[in-house]
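Colleague: Provide a 3D model corresponding to the input given below.
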Amino acid sequence: MSDKQNITIQLAGQPKIPLAIDRADEEMMRKAEKMVNDLWHRWHTEKFAAEPQLKVMARVAFQFAVLYLRGERNAADLKALEESLDDMLKNLPGLE
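Modeller: Numbering: from 1, shown residues only. Presented below is the predicted three-dimensional model:
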């Protein structure tokens, strides 16, 4: 049995996009689709109602890119902290 499945997503009222995904990722993909559509809809109807749809979608894409990069930075900070704590633990007396 294949670990892949075909789904379609639709973002910002654009034509549907077919995707072949791992079955285990379907929930994540659906959640991502919903998050993008929710933000796009809110911004398109409220915050940036006078702007073209494409410009609003560009703002949405940028917002998610910023969130992704913040997550990467936070992960790197946590890794550095973990390494620092490991070094401290190695230097505690009685733990040689």
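Colleague: give me phi/psi at the residue nearest the centre of the chain?
Modeller: The centroid of the chain falls nearest to Tyr68 when counting by C-alpha atoms, centre = their mean (5.6 Å). Main-chain torsions, Tyr68, degrees, to the nearest 10: phi -60, psi -50.
Colleague: residues contacting it?
Modeller: Not one residue lies near Tyr68 by C-beta atoms under 8 Å, 6 or more residues apart in numbering. Any C-beta I mention is one placed from the backbone N, CA and C, and that applies to glycine too.
Colleague: just the pLDDT for it.
Modeller: With respect to pLDDT, Tyr68 scores 96.
Colleague: same question, the one 5 residues further on
Modeller: The predicted local confidence for Arg73 comes out at a pLDDT of 94.
Colleague: buried set for the helix or strand hosting it?
Modeller: In this structure, Arg73 sits in helix 53-90 according to DSSP states H and E. Going by neighbour count (16 or more other C-beta atoms under 10 Å), the buried part of helix 53-90 is 56-57, 59-60.
Colleague: quickly name whichever of those residues is closest to Pro15.
Modeller: Met57 (13.3 Å; C-beta to C-beta).
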